[in-house]
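Participant: sequence below, structure please.
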Amino acid sequence: MARHAFVVEENSLIRQSVCEMLRLCGYIPMVASDLHHATKVLASIRYDVLFVGSGHRQTYNETLVNLARRLQPSMRIVAMRPNERAMSAFDGAHAYVGFPFTLEALRAALAKTHGRDEGLT
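Facilitator: Numbers count the residues shown, from 1 in each chain. Now for the predicted structure:
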């Protein structure tokens, strides 16, 4: 059974890259570039993982994460961040993935969110 991932990121190149890697990992990705669109999408489909983008302000990310937790409490959260300092500033994520985004880093973050090896090929 395929898993669903929701990617919220302003930068279209990052969104595209992350989605391609998620497909390689067996996920069906859905994307949004802003909070307004993300709110509608979160309410429409059950997701396994939320990827919170790097370009948004912290208050935006906190709003998004709180909304995700309210609408879909079992959803795991991965924060995409440019560096370790930015990663440590974001509370609430189950895992982090930093720049440059690689397939190996994405796989490791997914495995961490689910507490096991995802069996990713």
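Participant: show me the strands in this protein, by range?
Facilitator: All strands of the chain, identified by DSSP state E, fall at 3-8, 27-32, 49-52, 76-81, 95-98.
Participant: mean neighbour count added to those strands, as CSV?
Facilitator: In this view, the C-beta of every residue, glycine as well, is placed from N, C-alpha and C. Listed next are the strands of the chain as CSV, based on neighbours: other CB atoms under 10 Å:
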stretch, mean neighbour count
strand 3-8, 23
strand 27-32, 20
strand 49-52, 26
strand 76-81, 23
strand 95-98, 20
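Participant: these into TSV, with extra columns for mean pLDDT?
Facilitator: Below are the strands of the chain laid out as TSV (pLDDT from 0 to 100):
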stretch	mean pLDDT
strand 3-8	94
strand 27-32	95
strand 49-52	92
strand 76-81	87
strand 95-98	84
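Participant: any idea how far Gly92 is from the spatially most central residue of the chain?
Facilitator: By CA atoms, centre = their mean, the chain has its centre lying nearest to Phe51, at 0.9 Å. Going from Phe51 to Gly92 by CB to CB, to the nearest Å gives 13 Å.
Participant: shared neighbours, these two?
Facilitator: The contact sets of Phe51 and Gly92 overlap at Ala79 (CB atoms under 8 Å, 6 or more residues apart in numbering).
Participant: low-confidence ranges, the chain, go.
Facilitator: The chain contains residues with pLDDT under 70 at 1, 54-59, 83-91, 116-121.
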